[in-house]
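Asker: 3D model of this:
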Amino acid sequence: MSKKVVLTGDRPTGKLHLGHYIGSLKNRVAMQESGEYDSYIMIADQQALTDNARDPEKIRNSLLEVALDYLAVGIDPQKSTIFVQSQIPALAELNLYYLNLVTVSRLERNPTVKAEIQQKNFERSIPAGFFTYPVSQAADITAFKAQLVPVGDDQEPMIEQTREIVRSFNSIYGKEVLVEPQGVFPPKGSGRLPGLDGNAKMSKSLGNCIYLSDDADTVRKKVMSMYTDPNHIHVEDPGQVEGNMVFTYLDIFDPDKEEVSRLKQHYQAGGLGDVKIKRYLNEVLEAQLAPIRKRREEYAKDVASVYQMLKEGSAKANAVAEQTLAEVRAAIGVNYFD
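Answerer: Residues are numbered from 1 along each chain as shown. You can find the predicted model right below:
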């Protein structure tokens, strides 16, 4: 039985945080260990440059940080192919061919692109690379003939755009060269991990993150600053658990659901202070973060080996992408001298 091909990845714009861990990293490790999937995990440095072109050093520095985070959570380069987007020349050529199959009006209708343009205050000063990055993503996915692409709900329009490009290409050129991918989305209701401040999203730009590489003291300080119930002024006061980030995180990270339920009842009845539940949450998080932090520190001692891992992974990924590119060129008919 052949393995299903999976493509995932992250933009290297900083270290990865707990939101990444819950949203995708744990799933990648689980898929890797199942033995059912052939996983390609991309560090999307070219995509990161679409809105960071004037700060390439940020991308270069973040590349290593993301690689270390991958290794620290348990992604094994012997079982998964970790590669760097810019080291795969075929992706740029595929992107060029696909751009001819997509209209400007179609890109403008992409809700994810529209939302990100508004978030970044680009207005009409949109870098062309950023505006067209859904097409670049299609190149990334199709180069490896990925059947599955695990993403957040906000990325569903990107998967649909890729599917449209695949259908157009195969129809226009009369050959079933490209594979139409399926998105793999989080379970309904799981949502994104909210920020420490109660914001709907844990985000580097909002400064409300716990990073996988944070030391124990930093994690403790961040937990102790978390948003709880602003009306829970005195220990004896009844408290609210809805919208209380400490209990939100306990629901997600504490495997002892009976204890969480007991703490909620105590807090709602009064007599349980915020400091006490925050200390308990800190212990829960440290139980998961300490092993990750330790592995990360070990890998960081040999940076040369990490770069060698990326080089080998990129070479393997490049061979696969080149084969797809050859098939695409043949279908279009631009392989004049073959």
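Asker: what helix or strand is the nearest residue to Ser305 once chain neighbours are set aside located in?
Answerer: Distances taken as Cβ to Cβ, 6 or more residues apart in numbering place Tyr299 nearest to Ser305, at 7.8 Å, with adjacent residues excluded. For glycine as for every other residue, the C-beta is placed from the backbone atoms N, C-alpha and C. Assessed by DSSP states H and E, Tyr299 sits inside helix 274-300.
Asker: again, but for Ser105
Answerer: helix 104-108.
Asker: can you give me the end-to-end distance of stretch 265-275?
Answerer: 16 Å (Cα to Cα, to the nearest Å).
Asker: show me the contact partners of it.
Answerer: By Cβ atoms under 8 Å, 6 or more residues apart in numbering, the residues outside stretch 265-275 that reach it are 224, 228-229, 232, 235-241, 244, 246-247, 263, 277.
Asker: among these, give me the pair with the biggest separation.
Answerer: The widest separation within the contacts of stretch 265-275, taken as Cβ to Cβ, falls between Met224 and Pro238 and amounts to 21.9 Å.
Asker: for the chain, which segments are assigned as strands?
Answerer: 4-10, 37-43, 81-84, 148-150, 182-184 (DSSP state E).
Asker: between these, which gets nearest to Asp215?
Answerer: strand 4-10 (22.0 Å).
Asker: buried set for the closest one?
Answerer: Buried residues in strand 4-10, counted by 16 or more other Cβ atoms under 10 Å: Val5, Val6, Leu7, Thr8, Gly9, Asp10.
Asker: ok, stretch 148-155 next?
Answerer: Applying 16+ other Cβ under 10 Å to stretch 148-155 flags Leu148, Val149, Pro150, Val151, Gly152, Gln155 as buried.
Asker: with stretch 256-267 instead?
Answerer: In stretch 256-267, the ones that count as buried by 16+ other Cβ under 10 Å are Val260, Leu263, Lys264, Tyr267.
Asker: for that stretch, give the mean pLDDT please.
Answerer: In this model, stretch 256-267 has an average pLDDT of 97.
Asker: how far out from the middle of the chain is it?
Answerer: 31 Å (Cα atoms, centre = their mean, to the nearest Å).
Asker: cool, stretch 140-156 as well?
Answerer: The answer for stretch 140-156 is 11 Å, by Cα atoms, centre = their mean.
Asker: same question for stretch 79-91.
Answerer: Worked out by Cα atoms, centre = their mean, stretch 79-91 lies 16 Å from the chain centre.
Asker: do you know how far Ile292 is from Tyr70?
Answerer: Using Cβ to Cβ, to the nearest Å, Ile292 is found at 11 Å from Tyr70.
Asker: I meant Leu64, not that one.
Answerer: Counting by Cβ to Cβ, the gap from Leu64 to Tyr70 is 11 Å.
Asker: tell me the contacts of Asp10?
Answerer: Leu16, His20, Ser24, Ile43, Ala44, Val66.
Asker: same question, Thr81
Answerer: Asp38, Ser39, Tyr40, Ile41, Gly313, Lys316, Ala317.
Asker: these, buried ones only, as a PyMOL selection?
Answerer: Burial among the contacts of Thr81 is assessed by 16+ other Cβ under 10 Å; the matching PyMOL selection reads:
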select buried, resi 38+39+40+41+313+317
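Asker: okay, now the domains of this structure?
Answerer: When the chain is parsed with automatic domain parsing, its domains come out as 4-192+303-332, 216-298.
Asker: ok, now which ones touch the residue in the chain sticking out farthest from the centre?
Answerer: Taking Cα atoms, centre = their mean, the residue of the chain most remote from its mean C-alpha position is Glu236, at 41.3 Å. Shown in contact with Glu236 (Cβ under 8 Å, 6+ apart): Gly270, Gly271.
Asker: reformat the strands of the chain as a markdown table; add distance to Ile141 and mean pLDDT.
Answerer: As requested, the strands of the chain are exported to a markdown table (distance: least, Cβ to Cβ, whole Å; pLDDT from 0 to 100):
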| stretch | distance to Ile141 | mean pLDDT |
| --- | --- | --- |
| strand 4-10 | 5 | 94 |
| strand 37-43 | 10 | 97 |
| strand 81-84 | 14 | 98 |
| strand 148-150 | 6 | 92 |
| strand 182-184 | 10 | 89 |
